[in-house]
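Q: I'll drop the sequence and a predicted model, then ask my questions.
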Amino acid sequence: MRCSLNAENTFDLVVIGGGIAGLASAINAASEGLSVCVLEGGIEFGGQTSTIKQIRNLVGYPEGISGRELIRLTLAQARGFGVKLCAPYRVQKIRRGSLSELYVDTSHGKSFTTRAILITAGVRYRRLGVDEVSSFMGHGVTYGELPDNIVGERVAVIGGGNSAGQAVVALAQKSECNIDLLVRGALSDKQMSQYLIDVIRKNAHGNIDVHEQVEVIGADGFLKLEHITLRSLKTQHLTRMPLDRLLISIGSEPHIEWAADQVVVDEKGFIKTGSRVASESVWINTQRKPLPFETTPGIFAAGDIESESVKRVASSIGAATGAIASILRFLGRR
Ligand SMILES: Cc1cc2nc3c(=O)[nH]c(=O)nc-3n(C[C@H](O)[C@H](O)[C@H](O)COP(=O)(O)OP(=O)(O)OC[C@H]3O[C@@H](n4cnc5c(N)ncnc54)[C@H](O)[C@@H]3O)c2cc1C
């Protein structure tokens with residue numbers, strides 16, 4: 001949905017990123033009477049949540065809910081509260097004015113003016129970094145999610161986290177595939193939710209093979225991917241595995257370069273907030289302490305982009321709600 005940039009571009013709060021954290025925070029802010037604009041860099045709202053086939057760990061949905069449906073309902077709720085939804089508007093810079101105002105510059109060359117910014121820019125897929133595998137991108141190699149129409153193929157999924165687990169479970173249920181789950185460590189390394197591990201171990205359809213302590217070091221094929229080469233991290237033994245598709249789901253990382261001069265980040269590039277930034281130089285000469293979710297004065301972060309956050313839908317919604325409580329205090333509304 002495009003917003004009219006000729007109209008007033010000044011808001012109490014600008015939210016950067018239209019995933020579940022951004023949308024949930026905007027609903028909370030608008031329900032408290034703030035004028036809010038959400039800027040989403042992609043064509044569609046929803047972020048990672050839109051890619052989840054079935055969310056089984058969200059309260060209120062005993063049978064689970066698809067990520068797309070959750071986003072559809074959330075967008076309807078945001079519109080109902082009068083949230084301004086703008087996509088695609090990729091934010092390129094945040095600037096501070098001479099008084100307390102902040103400016104948000106977008107890829108359209110248009111700027112928004114606000115007193116508070118909430119960054120909910122999430123994360124992007126981490127790359128495998130094996131050139132032979134990269135050369136088959138779009139020809140059997142995929143990041144993130146697989147198309148729905150896969151039937152009867154041999155598919156390998158790399159990753160030990162929830163996104164890899166979700167993909168394996170969805171494939172095993174729906175498509176008569178043979179699935180090889182490739183994990184660098186052990187499946188029980190606590191990266192994947194236990195309910196997913198249980199489904200994979202139970203292997204009800206008998207079509208999942210779990211390979212632990214392995215890494216992919218090569219790939220080959222004619223015009224499309226046909227084999228990958230696996231190395232055992234225990235024995236160094238090499239195995240050439242035939243397959244039709246490889247899904248890489250090895251986690252994700254933040255990309256916050258565009259705001260680097262306005263936020264405090266940890267060693268992995270996630271935004272630090274609250275008491276964890278209190279000793280930073282930006283706060284030393286400030287007359288108050290940082291509020292929860294605040295990184296530098298007036299700039300807040302929540303969801304997956306926030307340092308040490310729990311990377312889940314429900315926790316992103318919860319953090320977004322907490323961030324709005326701080327923003328209301330910052331704006332003197334509480
Ligand atoms: C395949 C998969 C399965 C998952 N399964 C589950 C599950 O079953 N249960 C669960 O609880 N969690 C699950 N998760 C995790 C969950 O989806 C995330 O924790 C949650 O969606 C994070 O939301 P977010 O809003 O913080 O970030 P994101 O969803 O990453 O959204 C960030 C948004 O910001 C936008 N953006 C980035 N930079 C800019 C910019 N410069 N300007 C404007 N916009 C920008 C992006 O385009 C994106 O839309 C899963 C994740 C994946 C990938």
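A: Good, I have the coordinates.
Q: going forward, measure contacts and count neighbours with C-alpha atoms only.
A: Will do.
Q: for Val141, the count of nearby residues, please.
A: Val141 is flanked by 21 other residues according to other Cα atoms under 10 Å.
Q: what does Leu99 give?
A: Neighbour tally, Leu99, other Cα under 10 Å: 7.
Q: and if you look at Arg124?
A: Arg124 has 15 nearby residues by other Cα under 10 Å.
Q: if I pick the closest residue to Gly47 other than its chain neighbours, what's in contact with it?
A: Leaving aside its sequence neighbours, Gly47 sits nearest to Gly19 (Cα to Cα, 6 or more residues apart in numbering; 4.3 Å). Taking Cα atoms under 8 Å, 6 or more residues apart in numbering, we find Gly19 in contact with Phe45, Gly46, Gly47, Gln48, Thr49, Thr120, Ala121, Gly122.
Q: just the buried ones from these?
A: With neighbours counted by 16 or more other Cα atoms under 10 Å, the contacts of Gly19 contain buried members at Phe45, Gly46, Gly47, Gln48, Thr49, Thr120, Ala121, Gly122.
Q: next one: the fifth one from Asp12, what distance?
A: What that stands for is Thr49. In this view, Thr49 and Asp12 are 26 Å apart by Cα to Cα, to the nearest Å.
Q: next: the third one.
A: Distance, Gly47 to Asp12, by Cα to Cα: 24 Å.
Q: for Val91, give the beta-bridge partners.
A: Beta bridges link Val91 to Thr106 when assigned by DSSP bridges.
Q: burial of it, as a residue count?
A: Around Val91 there are 22 residues (other Cα under 10 Å).
Q: now it: how far from Ser25?
A: From Val91 to Ser25 the distance is 18 Å (Cα to Cα).
Q: repeat that for Thr142.
A: 31 Å.
Q: show me which of these two is the more surrounded one.
A: Remark: of Thr142 and Ser25, Ser25 carries more neighbours, 30 against 19, as counted by other Cα under 10 Å.
Q: tell me who's in contact with that one.
A: Val15, Ile317, Ala320, Thr321, Ala323, Ile324.
Q: can you redo those residues as TSV with pLDDT and secondary structure?
A: Shown next, in TSV, are these (pLDDT from 0 to 100; DSSP: H, G, I helix; E, B strand; the rest coil):
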residue	pLDDT	secondary structure
Val15	98	strand
Ile317	97	helix
Ala320	94	helix
Thr321	95	helix
Ala323	98	helix
Ile324	98	helix
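Q: looking at those residues, state which has the most neighbours.
A: Ala320 (29 neighbours).
Q: excluding chain neighbours, what is closest to that one?
A: The nearest residue in space to Ala320 (Cα to Cα, 6+ apart) is Ser25, at 4.6 Å.
Q: in a helix, that's where the one you found is, yeah?
A: Yes: counting by DSSP: H, G, I helix; E, B strand; the rest coil, Ser25 is located in a helix.
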